[in-house]
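Undergrad: Task: produce atomic coordinates for the following.
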Amino acid sequence: MIPTLAATPEGRLVSGVIGQKASLGQGKGPDVELIVTGTGTYATYETLSGFPAIYDDFLELFCYARLVGGAYESTGVPLRSPPPPDVARHAKESDAVRMGKIARRQLELDRRASSSHGKE
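TA: Residues are numbered from 1 along each chain as shown. So this is what the prediction gives:
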């Protein structure tokens, strides 16, 4: 694991990982080995051969991801199958999409923190 520190747009320091191999569970399948890069607010997953992956909540499996409008979208093709031809190796979400996801996740974490403080 290669830990790293990064700053959010608000100046908060966050730790993360770059290119760590991890075995991740799935709801309806065996664990899969993926390369994980990210922080507590945003992470990306790639197969060991470099194809982007995303957890498909409907299928309860990690599937290959394609870019649609700069955002990852599940292809519905589980990682146990060959990648679809329209999935590009090492594809990344656009900066705008990534920053939006980070902002939404941070709001969610802030809400959880403030609601748990109220219960003390």
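
Undergrad: Give me the neighbour count for residue 54.
TA: Residues near residue 54, counting by other C-beta atoms under 10 Å, number 18. Placement of C-beta: from N, CA and C, glycine included.

Undergrad: Roughly how far does it sit from residue 109?
TA: Distance from residue 54 to residue 109, counting by C-beta to C-beta, to the nearest Å: 20 Å.

Undergrad: what's the helix or strand for residue 99?
TA: Secondary structure assignment for residue 99, by DSSP states H and E: helix 95-117.

Undergrad: Actually, residue 20.
TA: Going by DSSP H and E, residue 20 is part of strand 13-26.

Undergrad: Show me what the next helix or strand after that strand is packed against.
TA: Using DSSP H and E, the helix or strand that follows strand 13-26 in sequence is strand 29-39. Strand 29-39 makes packing contacts with strand 13-26, strand 43-46, strand 61-68 when contacts are defined by 3 or more C-beta pairs under 8 Å, 6 or more residues apart in numbering; DSSP states H and E.

Undergrad: Grab the nearest non-local neighbour of residue 34.
TA: Take residue 34 and drop its neighbours on the chain: the residue closest to it by C-beta to C-beta, 6 or more residues apart in numbering is residue 45, 4.5 Å away.

Undergrad: ok, the one you found touching residue 26?
TA: No. Assessed by C-beta atoms under 8 Å, residue 45 is found out of contact with residue 26, at 11.8 Å.

Undergrad: Find residues that contact each of these two.
TA: 55, 62 (C-beta atoms under 8 Å, 6 or more residues apart in numbering).

Undergrad: mind listing what the closest residue to residue 49 other than its chain neighbours touches?
TA: Nearest residue to residue 49 in three dimensions, chain neighbours excluded: residue 89, at 7.3 Å (C-beta to C-beta, 6+ apart). By C-beta under 8 Å, 6+ apart, residue 89 lies in contact with 49, 50, 51.
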